[in-house]
Each structure stands twice: as C-alpha cells, then as structure tokens.
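Asker: sharing a sequence plus its predicted fold:
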Amino acid sequence: MLLEKIKTPGLSHLSYLIGSGGKAAVIDPRRDCECYLEMARAEGLEITHIFETHRNEDLVSGAPILKALTGARVLHGPNPGGEVVYADTTREGDAFEIGQLKIDVLETPGHTDDHLAFVLYDTAYPKGAVGVFTGDALFVGDVGRTDFYPDRKREVAGLLYDSLQKILALGDQVILYPAHGAGSVCGSGMAEREFSTLGHERANNPRLQINSREAFIDLKIEENHYQPPYFRLMERLNLEGGSPAPRVMRPRPLSLRELQALNVDHLIDVREPLAYAAGHLPGAMNLPVGMISAFAGWFVREGEEVALVASGEGELEAAMTHLVRISLDNVAGGYVGVVPAAAQGQAMKTIPMIGTREVENRLDSRPDGWVLLDVRDADEREEGAIDGSQHIYVGELNERYRDLDPAKHYTLMCASGMRATVAAGWLASRGFDKLDVYLGSMGAWKAAHG
C-alpha cells in the first residue's frame, strides 16, 4: 500500500499518489505530471483513476495530460461553471476501489461550487475513515477562501461552513490531506505543518472554533483576498484541458546580443532583490525565482512573451518551471551574465536602497513630489501603517501604475523590502526613474519604533 505526497514549491500545491493491489490513483495532479507515472511504475502500480477536488484557480491541472499518458479515468464534481471536457462527473455517494483502498465521494461546495472531498478507507480495517483529501475546503490551520462568487458572498460562505461540518463528522482519527500548504494564495492563515488530523484541527484551527454559522459567514465575507488576472486563464484551461508541459524546462540560452535583439513583452530578472537593485539591464523588471508563482500572474498576461535574466542556469530552470505550471510559458530564452556584461561596458540601471533614518527625515521634511508607497496587502496595512504613506497592493500596480505620476519620487515599502523591490522593478520597467526601496520596510520601522 502506498500514499505519497507530491509538493510543488512556489504554488505550495500538494497532490497525492495512492496505490494498492497493483492499482493507483492520483489526486489533484499538476501540469508537469510525468512524476506520478514514474512513481507509480517504480512501485509496480497502474494509474487507473485521477480525482480532482475542484477546478483549480491557481495552477494548470495535469489531469487531462495524465489521462492521455495512462488511460486513467478522471473524476470531477458537479457544477464546475462549464463543461470539464476531459472528466466524468462524480457525486456524493459514489465509491471507487483501488485494491484494498476505497474512496468515497463527498460534495463539499463553498470554496467553489464543484468542490469535492475524497474519503479514504482501508477495507482491511473498516471501522472509520483513514484519511480525507480536502482540496481547498480545509487546510492545516485554515479553511478555504470563498470570494470567487462575489454576487453570492453569504451563500457560498454558508456552504463552506456546512461542508466543513460534513468533513469533521468523519471522526477525529482521520488524517487530513489538503491541496495546499503554507504560502498558497488559496488561504491566509495556514500552519507551516503539512500534517494534521481532523481532531487536531477541530481543537486548534481558528476557523473551526467558530460554532455559529452566521458568525462564520460574517467573518468570511470580511476577508481580504486578491485575484490575479491569471486566475481567469486557469479557470478556462481547467475546463478545456491544458496542454502538456514543455519537454525541456530550460529556456534557450541567449547571448547578450541575442537578448538585446529580442522584442519581448517582458524582460524578467529572476535574481534576488538586492542583486537586481545593485545592477540590472535597462527595461528589466524583478521577479525573484521564489516569488514567480505569487506575482508573475499579475504582470504577465496570456500569450505575452518573456525573456529571463538569471545568475545561473539553475535559476533559469526553476523560473521556467514555475511559469510552466501557470501556463505562462512563452519564454523566448534566458540570459546569464549580468556582471560580465557590466564589465564589458553594458549600461546598467540601479535602484537605491534607503534605511529608516532617511525615511524618517523625508517624513519630517516632506520634500516636494516625494511619496512613500506601501505595497503590502490590505490585512497587513490594517495591522499597522506608517502615517503619511499611501497604499497600492503590489499586484494591483499591474494596472494602477497608470494612476501614478512618473515625475514624482517614490519610495517603495512592504514588510521587508522583497515585494517593494518587485514593485519598484515593475515601475522601472514602465519608465519610472525616481525610485528607491525602504530596505527592511515595516520590519525595520517596528524595530526602530517599537
């Protein structure tokens, strides 16, 4: 018997391979899905079923691709907002056998209308469920967001409450297998752990401490969530079925001359913020590798072509892999060698970093045309903000940069300076040249002011 968790960094996506008696099933596969087939074959298992907990908003499903590779049957819930052309519909009451294992279907709407949970039983030990694959309904330390149906806010929040009660009724012994972990955009309070039980969540998950359905609804509709534009692309592809991932996840190597000859929509520097700020190619924006999954979908649109700049080949591969998983894989090539290019006389741009004392001086003197721009999310800002700062969430600068005056001097800040550098890099790529970043940002401000 086999149960393996497959983690997708960046997206914090969790998928699963289960198997018994020569058969196997995959729950919520990612687009680059050959790994499931390789793992199953290494254990002498044939993948016969693919289960989707819901139509994902934040990544391309690998279900249609894995189906083509294996001939497995794909099962998806009712009410997906369109036809999932590659899947059969399964409903509550359906059950599937995978060798000694049995999977029962629960309809658990709320996060999405089509949401399902899959309950795992070991038929050799029939007294109660062993585990439950909860998708984005229940996480370790949090529950799913309910903002995808803005015209039905109270209804869908109530549906999630009811679905959670249905899941909890399976018993405290049940092991929890969610579709995302900490860092995912699908929740905001997930624990760093990726292991838990329903009993532990019942006792410790803050959202499950709310016993009143109406109070739960009130809390959910007051939450602040952001929806990057690429979510709409994911919705469509996860109905139509996405194409296979590129066979090679490394971009074509480019010389500096080849890079400069390209006419791409975005030049993306994937180095760390301080490296980018110290010197970058003109016109480049900054999306560090570890932040691509969270922010590329705000700034890069479907079909737009990108070129990548990195410190090494490993960074290029990691960056392209992250882009592929959200179907933003129109990558013209990758360039390594910013420092050698500078040594050969290539002009570079910089973005200065300033500290708390300089920010304090500017707040006191209020120089003409200077703006302290806070790019944290709304919840962070509610917890504390610097008086006199303005606010635009970093992702929303994708469009709202047009509201800013390029003649003004902007100091970007966030919690540490990471997102602020992404914001500054985007503005720099749009022609803003009076920019600097508050290094340490709110963390440094709190350290200085208590």
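Answerer: Now that the structure is in, tell me what you want to look at.
Asker: so where's this protein uncertain?
Answerer: Low-confidence segments of the chain, defined by pLDDT under 70: 187.
Asker: longest helix in it, please.
Answerer: With DSSP state H setting the assignment, residue counts place helix 153-168 as the longest helix in the chain.
Asker: packing partners for whatever helix or strand comes next after that helix?
Answerer: Toward the C-terminal end, the helix or strand that comes next after helix 153-168 (DSSP states H and E) is strand 175-178. For strand 175-178, the contact count by 3 or more C-beta pairs under 8 Å, 6 or more residues apart in numbering; DSSP states H and E identifies strand 13-20, strand 131-135 as packing neighbours. All C-beta atoms are positioned from the backbone trio N, CA, C, and that covers glycine.
Asker: now the shortest one against strand 13-20, angle please.
Answerer: Spelled out, it's strand 131-135. Orientation note: strand 131-135 sits at an angle of 150 degrees relative to strand 13-20 (axes from the mean of the first three to the mean of the last three C-alpha atoms, to 10 degrees).
Asker: which other residues reach strand 131-135?
Answerer: The contact list for strand 131-135 (C-beta atoms under 8 Å, 6 or more residues apart in numbering) reads 3, 16, 27-28, 51, 53-54, 106, 108, 111, 115-120, 144, 167, 170, 174-179, 198.
Asker: can you tell me which of those residues are buried?
Answerer: Under a neighbour-count criterion of 16 or more other C-beta atoms under 10 Å, the subset of the contacts of strand 131-135 counted as buried comprises 16, 27-28, 51, 53-54, 106, 108, 111, 115-120, 144, 167, 170, 174-179, 198.
Asker: quick one: the helices in the stretch 201-350 of the chain?
Answerer: Secondary structure of the stretch 201-350 of the chain by DSSP state H, counting those that start in this stretch: the helices cover 213-221, 230-240, 256-261, 273-278, 292-299, 313-324, 338-343.
Asker: highest average neighbour count across these?
Answerer: Across the helices of the stretch 201-350 of the chain, averaging neighbours per residue (mean count of other C-beta atoms under 10 Å) puts helix 292-299 on top, at a mean of 24.
Asker: which residues are contacting that one?
Answerer: Residues from elsewhere that reach helix 292-299 (C-beta under 8 Å, 6+ apart): 10-11, 185, 228-231, 233, 266, 268, 270, 285, 287, 319, 322-323, 325-326, 328, 394-396, 398, 419, 422, 426.
Asker: quick one, phi/psi of Phe96?
Answerer: Backbone dihedrals for Phe96, given as degrees, to the nearest 10, come out at phi -140, psi 140.
Asker: please name the nearest non-neighbouring residue to it.
Answerer: Ile103 (4.7 Å; C-beta to C-beta, 6 or more residues apart in numbering).
Asker: would you confirm that that neighbour belongs to a helix?
Answerer: No. Counting by DSSP: H, G, I helix; E, B strand; the rest coil, Ile103 falls outside a helix, being strand.
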